[in-house]
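*Asks:* Next come a sequence and a model predicted from it.
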Amino acid sequence: MLKLKNLSKALLCIALLATGKIASAQKVGFVNYDSILYLLPEIKNVRLQLDSLQQYYSDQLEGQKAELISKSMKLDSNKARMTPKELEIKEGELQQMQQRIQTYSELYRENITQTQESLLKPLNLKVRKVIEEVAKEKGFSSIVDKQVAYYFNPADDLTALVMKKLNIVIPPPMPPGGGIMAPPRR
């Protein structure tokens, strides 16, 4: 029985060592996913569509809020001439309007989120496909977003390769000071 326990311990150690060797042989690459997505030419169209939708909803809400304010001011100016029952009815109508505005606001936010997800889905699929292609070409077993890594070897950064394959023009680096140039001295 003792030999069997020792044998199983030995097999477990061998398995753990083998797993460690396999794991250390894996190559992990890194990309800045947000930068890739942000620089895709197609993202401009997505932004335009989302901005347009947000502006439409904003205009709708502003119109509803303006109507609510107008009716509220009208009620304030006519309060003295109203019966308690009339006042109660008008205040109830204002509360209902306010609730509708809140409900519409939530629906608009949900619609914008759903639209954003549907517009970004094909772009995400495109980027992920290219990331997989680059990983296979370069022999990487895994690719991780740089934003979730505490440390990575800059040699394993595949962002530029992915961008090149997506025909993304990589912008030049910003000069020191964030790109704000000082006025010339006279």
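*Replies:* Good, I have the coordinates. Residues are numbered from 1 along each chain as shown.
*Asks:* In which helix or strand does the residue positioned nearest the centre of the chain reside?
*Replies:* Nearest to the mean C-alpha position of the chain, counting by C-alpha atoms, centre = their mean, stands D34 at 8.3 Å. Assessed by DSSP states H and E, D34 sits inside helix 33-39.
*Asks:* list the buried ones in that helix?
*Replies:* Within helix 33-39, the residues that qualify as buried are 33, 35-37, 39, counting by 16 or more other C-beta atoms under 10 Å. Where C-beta positions appear, they are placed from N, C-alpha and C, glycine not excepted.
*Asks:* same for it, what does it pack against?
*Replies:* Helices and strands touching helix 33-39, as assessed by 3 or more C-beta pairs under 8 Å, 6 or more residues apart in numbering; DSSP states H and E, comprise helix 84-138, helix 159-165.
*Asks:* helices and strands around the helix or strand following that helix, which ones?
*Replies:* Helices and strands here follow DSSP H and E; after helix 33-39, the next one along the chain is helix 43-78. Packed against helix 43-78, as judged by 3+ C-beta pairs under 8 Å, 6+ apart, are the following elements: helix 84-138.
*Asks:* following the helix it packs on, which helix or strand shows up next?
*Replies:* Downstream of helix 84-138, the next assigned helix or strand under DSSP H and E is strand 142-145.
*Asks:* Report the buried residues of that next one.
*Replies:* Neighbour-count burial for strand 142-145, with 16+ other C-beta under 10 Å as criterion, is recorded at I143.
*Asks:* G139: what's it in contact with?
*Replies:* When contacts are counted by C-beta atoms under 8 Å, 6 or more residues apart in numbering, G139 is found next to K27.
*Asks:* Give me the phi and psi for it.
*Replies:* phi 80, psi 30 (degrees, to the nearest 10).
*Asks:* try G29
*Replies:* phi -110, psi 170.
*Asks:* List the beta-bridge partners for it.
*Replies:* Here G29 sits in beta bridges with I143, going by DSSP bridges.
*Asks:* neighbours around it, how many?
*Replies:* 24 (other C-beta atoms under 10 Å).
*Asks:* In this structure it contacts K136, no?
*Replies:* No. Counting by C-beta atoms under 8 Å, no contact exists between G29 and K136, whose distance comes to 10.8 Å.
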